[in-house]
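In: Need coordinates for the following:
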Amino acid sequence: MMEIKLSERAEIILRTVVQNYIGTAEPVGSRTIAKMTHLGLSPATIRNVMSDLEDTGYLSQPHTSAGRMPTDLAYRFYVDSLGEIPPLAREELERIERSFPAGVREIEDLMEVTSRLLSFLSQQAGLVSLPDIRSVVFKHLEFIRLRPYQAMAVFVAESGILHSRIIKLDEDFTQEKLDQMTGYLNAEFGGMSLHRIRNKIVKRMALEKEQYDQLLMNAMRLSQKALAQEENLEGGQVILGGATNILSQPEFSADVDKMRSIFSAFEDKSRLLKIIDRVLQEHGVSILIGAENEIQEMRNCSLVMHPYTCGDRALGVLGVIGPTRMEYPRMMAVVAATAHTLSRLLTER
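Out: Residues are numbered from 1 along each chain as shown. Modelled structure (predicted):
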């Protein structure tokens, strides 16, 4: 749609409709606008302006109401016209800091904490994508014997975050043998990404076996087995926290079909990952409003997202999902503050 230049009073009226509707979830009438603004316009004049805004696609009018509701276009105008976002209160910033316990090192646990925090602060659904494990740079790898023919492979990332997997052993190695293999693998592959490690191992395994002694061959096979499980995570993972918060929103609480559609979209996380992959290339807050996202079942929702990083490398994306009638300035502040805190913690580990 071609951008339409609005008059100053039309912008004020439109912004007032959006703000009022966000707060009440009720269609907004001309008398309400007259009371909330200082334009000195009569309700009749305001109705004419609102009618023009409806004709240009910014407002819609339910059949049962004399008031108007914002469209996706109105929300986009509102978001784009926001000035500097007010920061969160100190108490909330401190709560974000306290929400990341120093002892949490497993990546899945850390992201669960993050999604729950986003959900609590926003009262919407919190979304966090796990880092693409293939691009994570590892400091070292450990094998811990659990029981006969079973060990835990622990990948320690550059950020200090752990990735652990249980693997079956073809041979019942002692912990001493596992430690010897670990020492060789760390000397050979420390500081590389999983993707590079895996490619290097495949090439090494293709060489003549007599070039290696049995210990090194076992180390190669064991690491290949551990890495094969990590490769199964290709495409990434998404954690959603507080998805049921959406049920309390008036847009969805009385509409079973809408609720069913949204939760169906949440289950099909591959489509969310496509959106996340694009946001991962951006800087700062990204906002998709209603039909701006390609997931048909989520056309009544908006997504507010922000990449999180370790140093200068983007690892994943976090954000909130809620109705298009969301408090955008607050959602942007919550998401940005959480992303900045998580990024700093990952970088400092």
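
In: CA atoms for contacts and neighbours, from now on please.
Out: Will do.

In: Show me where the chain dips below the pLDDT cut-off.
Out: By pLDDT under 70, the weakly predicted segments of the chain are 1-3, 64-65, 103-105, 132-135, 159-162, 205-213, 215, 227-236, 349.

In: Let me see the ranges of the helices in it.
Out: 8-24, 30-36, 43-55, 72-80, 90-98, 107-122, 175-189, 194-206, 214-231, 250-253, 256-267, 269-279, 328-348 (DSSP state H).

In: Need the residues that contact the longest one.
Out: If I follow you right, that is helix 328-348. With contact meaning Cα atoms under 8 Å, 6 or more residues apart in numbering, helix 328-348 is reached by 79, 82, 85-88, 93, 96-97, 114, 118, 121-122, 159-161, 284-285, 304-311, 318-320.

In: could I get the helices of the chain as CSV with mean neighbour count and distance to Ile166?
Out: Shown next, in CSV, are the helices of the chain (neighbours: other Cα atoms under 10 Å; distance: least, Cα to Cα, whole Å):
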stretch, mean neighbour count, distance to Ile166
helix 8-24, 18, 48
helix 30-36, 17, 61
helix 43-55, 17, 59
helix 72-80, 18, 46
helix 90-98, 13, 31
helix 107-122, 21, 15
helix 175-189, 16, 14
helix 194-206, 15, 17
helix 214-231, 17, 8
helix 250-253, 15, 41
helix 256-267, 15, 26
helix 269-279, 16, 25
helix 328-348, 20, 25
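
In: Now render these as TSV, adding distance to Arg299.
Out: Below are the helices of the chain laid out as TSV (distance: least, Cα to Cα, whole Å):
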stretch	distance to Arg299
helix 8-24	17
helix 30-36	27
helix 43-55	20
helix 72-80	9
helix 90-98	30
helix 107-122	20
helix 175-189	46
helix 194-206	36
helix 214-231	33
helix 250-253	12
helix 256-267	9
helix 269-279	13
helix 328-348	17
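
In: And the contacts of helix 328-348, which of them are buried?
Out: Among those, the ones that count as buried by 16 or more other Cα atoms under 10 Å are 79, 93, 96, 114, 118, 121-122, 159-161, 285, 304-310, 318-320.

In: how much space between the nearest residue to Asn245 once chain neighbours are set aside and Phe138?
Out: For Asn245, ignoring the flanking residues on the chain, the nearest one in space by Cα to Cα, 6 or more residues apart in numbering is Gln124 at 5.4 Å. Look at Gln124 and Phe138: by Cα to Cα, to the nearest Å, they are 34 Å apart.

In: just Gly23 next, same as before
Out: 47 Å.

In: In contact with the residue nearest to Asn245, which residues are there?
Out: Gln124 neighbours (Cα under 8 Å, 6+ apart): 118, 242-243, 245-246, 320-322.
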